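Asker: Sequence and predicted structure below; questions after.
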Amino acid sequence: MGHLIKNWAAAAAPVVSPAPEPATPALAAADVEAVLAAARREGFAAGHADAVARAAGLLADAEAEADRALEGAGDAALRLATKMAERIVGRAVALDPGVMAEIAAEALSGCRPGEPTVRIRVHPDDLAAVEARREWLESRAAGVRIELVADETAGRYGCVIDTGRGRIDGRLEAQIAALEAAVHGQPVSPDDSLGGSDHG
């Protein structure tokens, strides 16, 4: 019987084949690839969101810096324009001293005197130019007598007009200050406005 069992095992051996390898490793590789792809997408999305947030922050900082620079440039430009205006007016008066009388006449045109006399205060260095055109100024002031006074506080290239009703500040510094206030959107009082206005 031993021989029969031996033969049977030998006869059955070629019929029995080994079991195939499980498909799990191939499926596992596909699953791993899918997980890796999902992780890459999530990582890219997170990195992209972080980069966008950082870029937005940098852009906001750059815009704020640009605004500060423009604001500073605006102030610097205004200071430069002020200096240029002072030089231009000074040069105009140097070339034609009669310009000083025209400046006084412009300020005078804004007043309504309550008395027959108006006092015009000008810087001592500008007095001779205005004095030379006194008659012309009086003709512009419609019968009002003009009293000219040397006053260093009036500043160069401007004047202060005193009437019975108030004062008109026609000083160059006051006119430029009114211009600066207007540029910055601040209210300009009648005392500061170009040409001025007397009170009353």
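Answerer: Structure received. Not measured: the values here are computed from a predicted model. Numbers count the residues shown, from 1 in each chain.
Asker: in which helix or strand would I find the most centrally placed residue in the chain?
Answerer: Geometric centre of the chain, nearest residue: residue 71, 3.3 Å, by CA atoms, centre = their mean. Using DSSP states H and E, the element containing residue 71 is helix 24-95.
Asker: With just CA atoms, put the next helix-or-strand element following that helix into CSV.
Answerer: Next in sequence after helix 24-95, counting helices and strands by DSSP H and E, comes helix 98-108. Provided in CSV are the C-alpha atoms of helix 98-108 (Å, rounded to 0.1, in the frame of the first residue of the first chain):
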residue,chain,number,x,y,z
GLY,A,98,5.6,148.3,-9.5
VAL,A,99,4.6,144.7,-9.0
MET,A,100,4.7,145.4,-5.3
ALA,A,101,2.0,148.1,-5.8
GLU,A,102,-0.1,145.6,-7.8
ILE,A,103,0.2,143.1,-4.9
ALA,A,104,-1.1,145.8,-2.5
ALA,A,105,-3.8,146.8,-5.0
GLU,A,106,-5.0,143.1,-5.2
ALA,A,107,-5.3,142.9,-1.4
LEU,A,108,-6.9,146.4,-1.3
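Asker: what's the weakest-modelled helix or strand in this structure?
Answerer: Within the chain, no helix or strand scores below helix 2-12, which has a mean of 55 by mean pLDDT, DSSP states H and E.
Asker: residues contacting the residue nearest to the centre of the chain?
Answerer: Neighbour list for residue 71: empty [criterion: CB atoms under 8 Å, 6 or more residues apart in numbering]. The C-beta positions use only the backbone N, C-alpha and C, and glycine is treated the same way.
Asker: how far away is it from residue 176?
Answerer: When distance is defined by CB to CB, to the nearest Å, residue 71 is 20 Å away from residue 176.
Asker: same deal with residue 42?
Answerer: Separation of residue 42 from residue 176 (CB to CB): 63 Å.
Asker: which one of these two has more residues nearby?
Answerer: A side-by-side neighbour count of residue 42 and residue 176, using other CB atoms under 10 Å, places residue 176 first with 20 against 10.
Asker: List the contacts of residue 57.
Answerer: Residue 57 neighbours (CB under 8 Å, 6+ apart): none.
Asker: Can we start the residue count at 513 from this point?
Answerer: Taking 513 as the first residue, the last one we looked at is residue 569.
Asker: Tell me the confidence at it?
Answerer: Residue 569 carries a pLDDT value of 72.
Asker: Give me the neighbour count for residue 631.
Answerer: Using other CB under 10 Å, residue 631 has 18 other residues around it.
Asker: for residue 627, same thing?
Answerer: Neighbour count for residue 627, taken as other CB under 10 Å: 12.
Asker: wait, is it part of a strand?
Answerer: No: using DSSP: H, G, I helix; E, B strand; the rest coil, the secondary structure at residue 627 is coil, not a strand.
Asker: Tell me the spatial nearest neighbour of it, not counting adjacent residues.
Answerer: Nearest residue to residue 627 in three dimensions, chain neighbours excluded: residue 676, at 3.8 Å (CB to CB, 6 or more residues apart in numbering).
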